[in-house]
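# no FASTA, just this:
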């Protein structure tokens, strides 16, 4: 029997959020026009100093609402040496933010009937297998929905084609090497961030579409959304003059080509990301045209099982509750680049920051800070937007997934049921960490059993039913 000796100092913030159903679609825009010119001027003045403090060479930013671009601009240089100025149309690598593009492509594939998000992956890859000490034939239980939400049990990277691997291999060799790995936990019962899971999902799209994943993503996502500067084609990246050059802490030029294509291969601009964010703010619509069904967009924004809900991760995008809205977010970093995007679907606002430097603090901080200032500048407008959001359930929310005791596969109670949020500050001494212990905001996975560990001021979010 596990012994837990703890002293709790509780600081509780309870946010009572209206709308208790999963999923929201923005209401039509109000006639009010928001003037944020003063805010833009303030940040325009502050950003160069923040970049200098973090040794960031170049930065591009875009802020949007459901109707258009509120602000897009570039700062600094694409390269410390050549001093080419960054603009909103400068091409950056967005690294793991690419995962949301792969999830978006999967939603289009589901819409076209190419895939069933809840079918076992061996439906599409009959020869694929993976090792597990927990169950026989786990590939008969793993689904696309699990791959996209990091709940399949896969390790972070494959033996071939990982972040630290040498060049000279193919994407297909990278995928084949996944069969040499072992699952970290029973299928669907926990969450572990996995590049190779997203890559395997992208490979399935390649198989069912009969074309390379890079081409499928272009034809189904980049082209329909009008992301004309964006690409996953490394040849096009190399041929692009004035693209951003990654800057690392070592005096070596980082590579610009890698095999983590579905999980990290998108190159894009702030201008294109503005359109991408508007597409998602409008839940699959852009410029008055519905491209993706609303319930499939909601499927992407909904954690598929309890494990994903506790991890606050849906399909290719993080999701958490904020007062009056959900926050959908993903960042990415590596090879001398960092990126971060946030959007609030109920408030119809989004922001993205792209940089060509390793320090991530500015990317993490800036989008949320800007959006927070915008919301606080016209509280009544955004309160009205939140109050008039119309609930739409996600698609395919009809059956329990492995490891889930209550929530159907398309619905996760901890996030999308719009629960109250309790923030608990814990000076906590744990003598053991049982498997049922809730997930902290920081990673507790390294805490061994029966080892005394002191945790101070860790945030824990608990789902409390209304």
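Now that the structure is in, tell me what you want to look at. Model, not experiment: these values are computed from the prediction.
# okay, CA-based contacts and neighbour counts for the rest of this
Will do.
# number of nearby residues for the nearest residue to residue 234 once chain neighbours are set aside?
Excluding the flanking residues, the one nearest residue 234 by C-alpha to C-alpha, 6 or more residues apart in numbering is residue 257, at 6.2 Å. By other C-alpha atoms under 10 Å, 16 other residues sit near residue 257.
# what about the closest residue in space to residue 75 that isn't next to it in sequence, is that helix, strand or coil?
Residue nearest to residue 75 in three dimensions, not counting chain neighbours: residue 59, with 5.1 Å by C-alpha to C-alpha, 6+ apart. What DSSP: H, G, I helix; E, B strand; the rest coil gives for residue 59 is strand.
# Wait, a strand at residue 352?
Yes: when the secondary structure is assigned by three-state DSSP, residue 352 falls within a strand.
# What pLDDT is listed against residue 382?
For residue 382, the pLDDT comes out at 82.
# Secondary structure class of it, three-state.
When classified by three-state DSSP, residue 382 comes out as helix.
# can you check residue 321 too?
With three-state DSSP as the basis, residue 321 sits in strand.
# How many residues are close by it?
Neighbours of residue 321 (other C-alpha under 10 Å): 21.
# need the helices for this protein, in chain order.
For the chain, the helices defined by DSSP state H cover 37-54, 98-111, 144-149, 171-176, 195-209, 213-217, 234-238, 261-264, 270-281, 294-300, 306-311, 361-377, 379-387, 413-416.
# and these, which is most packed in?
Of these, the one with the most neighbours on average (mean count of other C-alpha atoms under 10 Å) is helix 144-149, at a mean of 30.
# which helices and strands sit right next to that one?
Here helix 144-149 touches helix 195-209, going by 3 or more C-alpha pairs under 8 Å, 6 or more residues apart in numbering; DSSP states H and E.
# Extract the residue ranges of this protein that are flagged as low pLDDT.
Low-confidence segments of the chain (pLDDT under 70): 1-34, 163-167, 250-255, 396-466.
# Enumerate every residue touching residue 357.
55, 56, 57, 58, 246, 247, 248, 336, 337, 338 (C-alpha atoms under 8 Å, 6 or more residues apart in numbering).
# Can you tell me which of these has the most neighbours?
The most crowded member of the contacts of residue 357, judged by other C-alpha under 10 Å, is residue 58 (31 neighbours).
# Same list, the contacts of residue 357, but as CSV with distance to residue 212 please.
CSV is the format used below for the contacts of residue 357 (distance: C-alpha to C-alpha, whole Å):
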residue, distance to residue 212
55, 37
56, 34
57, 34
58, 32
246, 26
247, 30
248, 30
336, 26
337, 25
338, 26
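# I'd like to know which of those residues is nearest to residue 96.
Top of the list for closeness to residue 96, among the contacts of residue 357 and by C-alpha to C-alpha, is residue 338 at 9.1 Å.
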